[in-house]
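Q: Pasting the sequence and the predicted coordinates here, then a few questions.
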4 protein chains.
Amino acid sequence: MPADAPVREQTATFRPVAEGMEQHVNVYHPVLDHGFVAVKDYMGDDVSVLQMARMSYGKGTKSLADDRALLRYLMRHLHTSPFEGCVIKLHVKLPIFVMRQWVRHRTASLNEYSARYSIMPDEFYLPEPAQLAVQSKDNKQGRGDTLSPEQAAEVLRLLREDAQRSFGTYHKLLNADEDGNPIEEDGFGIARELARIGLPVSAYTQMYWQTNLHNLMHFLRLRADPHAQYEIRVFAEKILEIMADWVPVTTEAFRDYQLEAARVSRMEIALLRDLLAGKASIADAASYGMGTREIREFQTRFGV
Amino acid sequence: MPADAPVREQTATFRPVAEGMEQHVNVYHPVLDHGFVAVKDYMGDDVSVLQMARMSYGKGTKSLADDRALLRYLMRHLHTSPFEGCVIKLHVKLPIFVMRQWVRHRTASLNEYSARYSIMPDEFYLPEPAQLAVQSKDNKQGRGDTLSPEQAAEVLRLLREDAQRSFGTYHKLLNADEDGNPIEEDGFGIARELARIGLPVSAYTQMYWQTNLHNLMHFLRLRADPHAQYEIRVFAEKILEIMADWVPVTTEAFRDYQLEAARVSRMEIALLRDLLAGKASIADAASYGMGTREIREFQTRFGV
Amino acid sequence: MPADAPVREQTATFRPVAEGMEQHVNVYHPVLDHGFVAVKDYMGDDVSVLQMARMSYGKGTKSLADDRALLRYLMRHLHTSPFEGCVIKLHVKLPIFVMRQWVRHRTASLNEYSARYSIMPDEFYLPEPAQLAVQSKDNKQGRGDTLSPEQAAEVLRLLREDAQRSFGTYHKLLNADEDGNPIEEDGFGIARELARIGLPVSAYTQMYWQTNLHNLMHFLRLRADPHAQYEIRVFAEKILEIMADWVPVTTEAFRDYQLEAARVSRMEIALLRDLLAGKASIADAASYGMGTREIREFQTRFGV
Amino acid sequence: MPADAPVREQTATFRPVAEGMEQHVNVYHPVLDHGFVAVKDYMGDDVSVLQMARMSYGKGTKSLADDRALLRYLMRHLHTSPFEGCVIKLHVKLPIFVMRQWVRHRTASLNEYSARYSIMPDEFYLPEPAQLAVQSKDNKQGRGDTLSPEQAAEVLRLLREDAQRSFGTYHKLLNADEDGNPIEEDGFGIARELARIGLPVSAYTQMYWQTNLHNLMHFLRLRADPHAQYEIRVFAEKILEIMADWVPVTTEAFRDYQLEAARVSRMEIALLRDLLAGKASIADAASYGMGTREIREFQTRFGV
């Protein structure tokens, strides 16, 4: 948590208030070894989504008068624009390599701590031993079995020593400690924008990140997914928890129609029809134009 | 104002509150003959902008401790991302031809009343006589002298009759009045999405429009400008008034460094240097590579 | 087709060339009664998509060495960024009410004919009789049965007369014919930006519209869909035909994994598993949390 | 230059061809010690910009029939959308810390080499001695005097040793050399996505980056500026050279009205008017509401 975390104070407002979200404003949730995520501000709630939708459809929404039904209808039919009316602003502290994945989501606003202006704090990410795993054999971007305790300790020792050495060089080049005080009378004092080039991508940075609920759900679909790298997934999962307090009906619909839903291809639809009609067995799948991997995933999903 | 305009009610929040903006929430300001603009929600204030900026610069901002100075510095140097942290959501009722200019601002979220789902109300824009002007001679997209009262009355009569006739046809095709009740037992009842194709672009539509402060300023730079069409400019001017209550320090800086500022070209800079040094007179302007129109605008701006 | 449609001429280039697309460059395809769509320029082809993808995955793509397999893998897993490397620029002539749906796709560049600068040609859309249908009973935004020939003729007469009258008023207000020549010595001559406010939304406008292949597919998913309004769907279908000539492998994968695919909810997955395992019948669907309409659509899709 | 740089081959096309740009297609220009920039594809030229503009303005552009004049008019009045019709696709190899600045330009498409899928090559950026400078006293994010040759050598030794050590650890953790071959029979072999977390931000990465001409000019305005960090500025300057071959008339107008132009505030306009009228001297500047730094910059710009 930042040293200067603000005091939580209440004021009166005429705006919509999401009761479940108020408990999160300015509360810092720890993530990984030195990171955090905190809600700085938000706009809208489940009712705001409905209000935007009802304006579009006018009297055409009469038959979907029930709030929950309308919200689920919007989610199911990917009528996404009413969800853009809700906005969240987060303060996040995260390793640079996680930040590099995060910024690929372009439809968001962000301000990052600048290593050109300011000195980077001496903080870097070290995985917990349970996260140290070998390269997965069948998933090109994933992890397989974890290391033995001895191997894990050795890996962490190497990562820690390299990072500490890089931060040592950083301060030597800057000729400044973390608070900007000179170290030696006659040190280098090279420009901050240059001194930082040897820092590892495990170093922590910070940002304010703001996005609307539609884009947040897109972020969560990709980053709260089991295929996402663990170190960004833990941030996404924490944000998904916060979202459930903020917009509970939307979150339930999001789980049902998106996060835990699946897309079935033209070939899978044909196969499912024939399986249900007793006209085919799973052994015929290849003849529907599906590849080996698609068939394996189909079997896992539908238990056949 | 819409028949179902919500009651204004206060609730407590832990979020930042912009005192000057609270008075606008859910208040409907009339614009043109049947239009309006109302703040439905907002996020952030002048202090939020600074907070986002200070996070970027970290300890590097100490020397710009003064809030107003930092905010003006950001505006002057077009450091726009901290302004993205403020968001405004408006309910706007406006003629279709104004809407068509408005949607060209793509970095915003909007939900518009749907003429496929719902019946369009019988409302269309008629200019005030003072706005009825002939085509400008020197501005291809502008207005020149206004019409005589007799001519104005005749123009308005033509526009009114055509619009009324089009709405008449609309209801005949729908076989429905404004509330959706059938008119004749045996009427056409054709699909709403088709029945509306004869309605004029002066017909009123509605939308929820949401954008961040950075994009709002871009909108205002173009639409509160004297070259903007009058019918969108009056909306922009009303929104600029609201902005001044919301983020007063930002608005002042916006006027000083953007709205009432100007861009001077490489050639104009050279000419200004030589004029100030007494090495040239305005009669030499063409030799700096400036066109006739540029020279005329230069003279107006700098009084030479 | 525009009077000044350019001559087709060939030049040599070092850029990638999509053979199937070359036949479309500067060829005007008619759509609706006065509209058209023409390819003005394009960038990239199926191979470009692969090239971008292979750069990301580096040596990690070895096992997907087969081009078609890699392209289908990208489409299936919604790895959309490689498709952004292909761009299409279209010249489109379309009714204003279709344009108003089209511009809702914000991630595109467009330049529209300006009714503030120039005089609108006397062209408006009239549906073919076969398109004149009553409001659908069960689809709030759709069409049901078509009108009788007599009714259709009467509807078209009303729409034609209103449009002609509006264009008549337009020219009277402008005091100018289609070519800008004055009609009367003493006419109104009011500003073009005002004179047009009585024109119907069926009037034709024109634009250059440019988007990348990823965003084009999003457009087509929504607008080539049976739920889209007929008048925009015919444009989308023509563009989909052009796309099939441009990027044939991508188009096939797009059909298989997106256009003719479906999303199944968490509840539908559970129901499908139990149906396939013989543990449930379709009569149990409601107990899985599915609504009446969801169940009906499920039955249609899977033939149960 | 990449080992697998493609052969340059010509094909016939019906599309617009920019002669000056053809010489750049698939030609790799070196930047920094291991980086490069290469044009992979492009769309449009100066004439395409005019074609889009003329479509918008219709017959309203008659008085700007001269091509160069119209293009300069568009640039001067920030009518930016016609420039969006030109697109450039680049292959860029650059240090991670430069990439982190580059991706902040969100209105572009990019595909980056993935360190989750593939092994990072052993390449990292080391500044030339002439670039090794101390922190600027008056520019918080800039460089001041350069180091002595002895100091520079010592700084480079530190940076090189740390980077080599980090890459050594990387391969040890991966248990793989640059080609993916195992090093030891019994090595760690940990997941690529984890093994890379100790690599420095000076390590080289690669991307395909594609943007339209409007957004490219925005990028160049910020990154070809003297305040940009040297290591991104050299990329921007090379791209600006390429742009001058691609769209020479646009580039000249861009220099005149944007790159070498300036924005003058409301206060500066008032001061300039009074200076030119002999009603004020530069000593009065503070009374116009200008700060110390603004006055200094005003004096430098206008030579007073």
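A: Yes, it's here. Numbers count the residues shown, from 1 in each chain, chains lettered A, B, ... in the order given.
Q: contacts and neighbour counts: CA atoms only from here.
A: Noted.
Q: Distance check, A:L213 against chain D.
A: Here the criterion is Cα to the nearest Cα, to the nearest Å. By it, A:L213 lies 19 Å from chain D.
Q: Check A:L156 too.
A: For A:L156, the distance to chain D - Cα to the nearest Cα - is 10 Å.
Q: Then A:G289?
A: 27 Å.
Q: Quick check: that residue touching A:M267?
A: Yes. At 6.5 Å, A:G289 counts as touching A:M267 under the criterion of Cα atoms under 8 Å.
Q: These two: which is more packed in?
A: Neighbours per residue (other Cα atoms under 10 Å in any protein chain shown) separate A:G289 from A:M267, with A:M267 holding more: 19 against 15.
Q: what's the closest non-adjacent residue to the more buried one?
A: With Cα to Cα, 6 or more residues apart in numbering or on different chains as the criterion, A:M267 has its nearest non-adjacent residue at 5.7 Å, and that residue is A:Y288.
Q: What is the neighbour count of that neighbour?
A: Residues lying near A:Y288 (other Cα under 10 Å) number 13.
Q: Dihedrals phi and psi, A:V17?
A: Note on A:V17: its backbone torsions stand at phi -120, psi 130 [degrees, to the nearest 10].
Q: mind listing what it touches?
A: A:44-45, B:11-13 (Cα atoms under 8 Å, 6 or more residues apart in numbering or on different chains).
Q: Let me see the contact set for A:E252.
A: A:A244.
Q: For it, give its distance to chain C.
A: Taking Cα to the nearest Cα, one finds A:E252 at 11 Å from chain C.
Q: What separation do you get for that residue and chain B?
A: 23 Å.
Q: Surely that residue forms part of a helix?
A: Yes. According to DSSP: H, G, I helix; E, B strand; the rest coil, A:E252 belongs to a helix.
Q: Surely A:R116 is within a helix?
A: No. Applying three-state DSSP, one finds A:R116 to be coil, outside a helix.
Q: leaving aside the residues next to it on the chain, what's closest to it?
A: Nearest non-adjacent residue to A:R116, counting by Cα to Cα, 6+ apart: A:E193, 4.3 Å away.
Q: Can you classify that neighbour by secondary structure?
A: helix.
Q: Please name the residues that touch it.
A: When contacts are counted by Cα under 8 Å, 6+ apart, A:E193 is found next to A:115-117, D:141-142, D:229.
Q: Any part of whichever helix in chain A runs longest near chain B?
A: Ranked by number of residues, the top helix in chain A under DSSP state H is helix A:149-174. No. Taking Cα under 8 Å from any Cα of the partner chain as the criterion, helix A:149-174 and chain B are apart, separated by no less than 14.5 Å.
Q: before we move on, the earlier item: so the residue nearest to A:M267 makes contact with A:I269?
A: No. With contact defined as Cα under 8 Å, A:Y288 does not count as touching A:I269 (9.9 Å).
Q: which parts of the stretch 101-250 of chain A sit against chain B?
A: Counting by Cα under 8 Å from any Cα, the stretch 101-250 of chain A sits next to chain B at A:109-114, A:117-119, A:206-208, A:210.
Q: what's the farthest-apart pair in the residues you listed?
A: Pairwise distances across these peak at 24.3 Å for A:I119 and A:Q210 (criterion: Cα to Cα).
Q: which outside residues touch stretch A:257-269?
A: A:75-76, A:221, A:255, A:288-290, A:298, C:255-258, C:260-266, C:269, C:301-302.
Q: Go ahead and build a ChimeraX selection from the buried members of these.
A: To isolate the buried ones among these in ChimeraX, judged by 16 or more other Cα atoms under 10 Å in any protein chain shown, type:
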select /A:75,76,221,290,298 /C:256,257,258,260,261,262,263,264,265,266,269,302
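Q: taking the contacts of stretch A:257-269 one by one, which sit in strands?
A: Those of these mapping onto strands are C:262-264, per DSSP state E.
Q: ok, now how distant is the residue nearest the centre of chain A from chain C?
A: Geometric centre of chain A, nearest residue: A:A236, 3.1 Å, by Cα atoms, centre = their mean. Using Cα to the nearest Cα, A:A236 is found at 19 Å from chain C.
Q: Kindly state the pLDDT recorded for that residue?
A: Here the pLDDT value assigned to A:A236 is 98.
Q: and if you look at A:G180?
A: On pLDDT, A:G180 comes in at 89.
Q: How about it: what's its closest non-neighbour residue?
A: Distances taken as Cα to Cα, 6+ apart place A:I119 nearest to A:G180, at 7.1 Å, with adjacent residues excluded.
Q: before we move on, what SS does the one you found have?
A: Here A:I119 is coil, with the state taken from three-state DSSP.
Q: Pull the number of nearby residues for it.
A: Applying other Cα under 10 Å, we find 25 residues neighbouring A:I119.
Q: what's it in contact with, if anything?
A: A:I119 touches A:178-180, A:192, B:59, counting by Cα under 8 Å, 6+ apart.
Q: Considering those, which possesses the most neighbours?
A: Highest count within those by other Cα under 10 Å belongs to A:R192, 28 neighbours.
Q: Show the contacting residues for A:L276.
A: By Cα under 8 Å, 6+ apart, the neighbours of A:L276 are C:275-276, C:302-304.
Q: quick one, phi/psi of the residue nearest to A:G180?
A: Phi and psi for A:I119, reported as degrees, to the nearest 10, are phi -90, psi 130.
Q: pLDDT score for it?
A: A:I119 is given a pLDDT of 94.
Q: From A:A195, how far off is it?
A: A:I119 is 10 Å from A:A195, where distance means Cα to Cα, to the nearest Å.
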